[in-house]
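J.: Need a 3D model of the following:
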Amino acid sequence: MSMLKHKAFTLIELLVTISIIMILASLLLPALRQAKESAIRINCTGNLKQLGVVVYNYAGDYRYYPARSLPNLWTDTLAAYETNIKLKRPGGMIHCPKAPNFGLGSGAESYLPGYGVLFYGVCNWPGNPQTGPWTGAGNYPPASPNQVSNPSKTIVMADTKETSTSGFLVLYNVANYPKIFSGRHNNSDNILFSDAHASNFRTPPLLNWLYNKMPRNFVPLSPYLKGELELE
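T.: A predicted model of the protein is given here:
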C-alpha cells in the first residue's frame, strides 16, 4: 500500500512539473518571438544603412541621385555601381529579411527587394525640368545633393508593400496606389534618408502622411513632393 501511495505521489509531482513548464513556456514564447522580430527589424535597418552609404557615394560621384526608373531602374543603377548588390539573390543589403519572396522575372532588375524609392523625391525630382529620357508624365531627372535642403528628413527609400512583379519597387507618395508602406515589422517600417541614416517608424502615422499631405500642384515644390517626412 505504501508503495502505491508513493507512485501516485510521484505521478502528481510529474504532472505539476509539466504544468509549470507549460506555463513558463507560454510566458517566454511571446518574448522570444518579439526578440526575433526585433532582430529582423535591426537587420533590415542595417541593410538600409548600407544602401544609404551606396546612395550617398553615388550622389557624390555623379552629382545626382540614382534615377527612379529612367534611363535605368534604380535597382540596376545601384547594382552596376556597387558589385556587392546582388539583385537576383535573396538576402544581402538590397533585400528586407522579412519581405516576401516575389520571385524572379526575365530581367536582371526583376528581383523585388521589398525596398522602394519614393515616386516623387530625390530619385524623381519634380522641381527639375523634363528633359532627355525624363519627358513622359510623372518623369523628372533625379535631384542633385545641393537641391536637398533637409537631408535628415528627406526619404530615399523604405520598406514597401508590393502587389505585382513589375521588376522594381516604388513607394508612391500619391493617393490611391497599393504600393505603400508595408508595416511588416510589427506595424512599423524602416526608412532610409538622404543623409544615409535609417530609422524605424510606426506605420499608421506614415500612412497618414502619405495620403493626407497631397499637394495641389508642383509649384512651388512642396516639402511633401521632396519626400520630407513630417509626422504629426
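
J.: use CA for all of it now, contacts and neighbours both
T.: OK.

J.: pLDDT averaged over stretch 100-112 - what is it?
T.: Stretch 100-112 shows a mean pLDDT of 53.

J.: Beta-bridge partners for Ala198, please?
T.: Applying DSSP bridges to Ala198 gives these bridge partners: Leu192.

J.: count of residues packed around His123?
T.: To be clear, residue 123 is Cys; His isn't right here. A count of nearby residues for Cys123, using other CA atoms under 10 Å, gives 28.

J.: Surely it touches Pro66?
T.: Yes. Using CA atoms under 8 Å, Cys123 is in contact with Pro66, at 5.7 Å.

J.: Work out the gap between stretch 19-31 and the centre of the chain.
T.: Offset of stretch 19-31 from its chain centre (CA atoms, centre = their mean, to the nearest Å): 33 Å.

J.: Please identify every residue contacting each of Cys123 and Pro66.
T.: By CA atoms under 8 Å, 6 or more residues apart in numbering, Cys123 and Pro66 have these common neighbours: Pro142.

J.: Let's check: the centremost residue of the protein is which one?
T.: Nearest residue to the geometric centre of the chain (CA atoms, centre = their mean): Asp159, 1.7 Å.

J.: so what's that residue up against?
T.: Residues in contact with Asp159 (CA under 8 Å, 6+ apart) are Cys96, Gly114, Tyr115, Gly116, Phe181, Ser182, Gly183, Asp189, Asn190, Ile191.

J.: quick one, phi psi at the first one?
T.: In this entry, Cys96 is assigned phi and psi values of phi -60, psi 130 (degrees, to the nearest 10).

J.: secondary structure class for Asn150?
T.: coil (DSSP: H, G, I helix; E, B strand; the rest coil).

J.: Quick one: distance of the helix or strand that contains Ile20 to the chain centre.
T.: Element membership for Ile20, per DSSP states H and E: helix 2-62. Relative to the centre of its chain, helix 2-62 is centred 23 Å away, using CA atoms, centre = their mean.

J.: Using CSV, write down the CA coordinates of the following helix or strand past that helix.
T.: Where DSSP H and E defines the elements, the next helix or strand beyond helix 2-62 is helix 74-81. Output in CSV follows, covering the C-alpha atoms of helix 74-81 (Å, rounded to 0.1, in the frame of the first residue of the first chain):
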residue,chain,number,x,y,z
TRP,A,74,17.2,52.4,-59.6
THR,A,75,18.0,48.8,-58.7
ASP,A,76,20.0,48.3,-61.9
THR,A,77,21.8,51.6,-61.3
LEU,A,78,22.9,50.7,-57.8
ALA,A,79,23.9,47.1,-58.7
ALA,A,80,26.1,48.4,-61.5
TYR,A,81,27.7,50.9,-59.1
